[in-house]
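Participant: Whatever this is, show me its structure:
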Amino acid sequence: MRSKLTAILIMGIAALYGCGDIVHDNDSRIRLESLENELNRLTINGEWDSLFSITYPLVYGDTTDTVLKVCAALYNAQYWLYRENLDSVMNYQNIAERNLTSIEGTYLEGMYYAQEGMYQMKSKWDFPTMVAMLLRSYDVYKELGEVSDMVYALTNIVNFYYMRSDV
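Facilitator: Just a heads-up that it's a prediction; the model follows:
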């Protein structure tokens, strides 16, 4: 069963390699949404080996699709943020940052800013930057109409002020 799933995932990766750099056409959006859905599912289920078998070739392989590369880098950064391996988070956030224009106006842009905020807080105790990045994430999600993600950004800000006992 596991080898079947791996084969299906590898075929999916191969199919994803052919799309363009910016998510403007419908086919690119569909491929990105498919990748995001699969990476979300693997993250929720804690199937990290399967997630990395998809993301590593996209980040370090010969793909010319910067959107998929950034998507993969952000999911890797998210994992390492959970594990508090800040050097790895910085590595993947830097990959995403270098290609930030390719994901403008997408869910991934909001994800980038949220992770960057959490990284700044964990690595440098830079709380003002954390709040600023979470607010940028909120603005992206608000523009996209992603209410649950807007709540994520705001909840993290509220939690920060609550922990500081700052009414």
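Participant: and the nearest residue to residue 110 once chain neighbours are set aside, how many neighbours?
Facilitator: In space, not counting the residues next to it along the chain, residue 110 is nearest to residue 140; the distance is 3.8 Å by Cβ to Cβ, 6 or more residues apart in numbering. Backbone N, C-alpha and C define where each C-beta goes, glycine included. Residues contacting residue 140 under the criterion other Cβ atoms under 10 Å number 25.
Participant: Let the chain start at 6 from now.
Facilitator: Yep, numbering from 6; the last one is residue 145 now.
Participant: Now do the helix or strand encompassing residue 145: which elements does it pack against?
Facilitator: For residue 145, the element it lies in under DSSP states H and E is helix 132-149. Contacts defined by 3 or more Cβ pairs under 8 Å, 6 or more residues apart in numbering; DSSP states H and E place helix 132-149 against helix 112-129, helix 152-168.
Participant: neighbouring contacts of it?
Facilitator: Residues outside helix 132-149 that contact it (Cβ atoms under 8 Å, 6 or more residues apart in numbering): 110-112, 114-119, 121-123, 125-126, 152, 154-155, 157-159, 161-162, 165.
Participant: Tell me which residues of that helix come out buried.
Facilitator: 135, 136, 138, 139, 141, 142, 143, 145, 146 (16 or more other Cβ atoms under 10 Å).
Participant: quick one: which of these is nearest to residue 102?
Facilitator: Relative to residue 102, the closest of the buried residues of helix 132-149 is residue 138; by Cβ to Cβ it sits at 11.7 Å.
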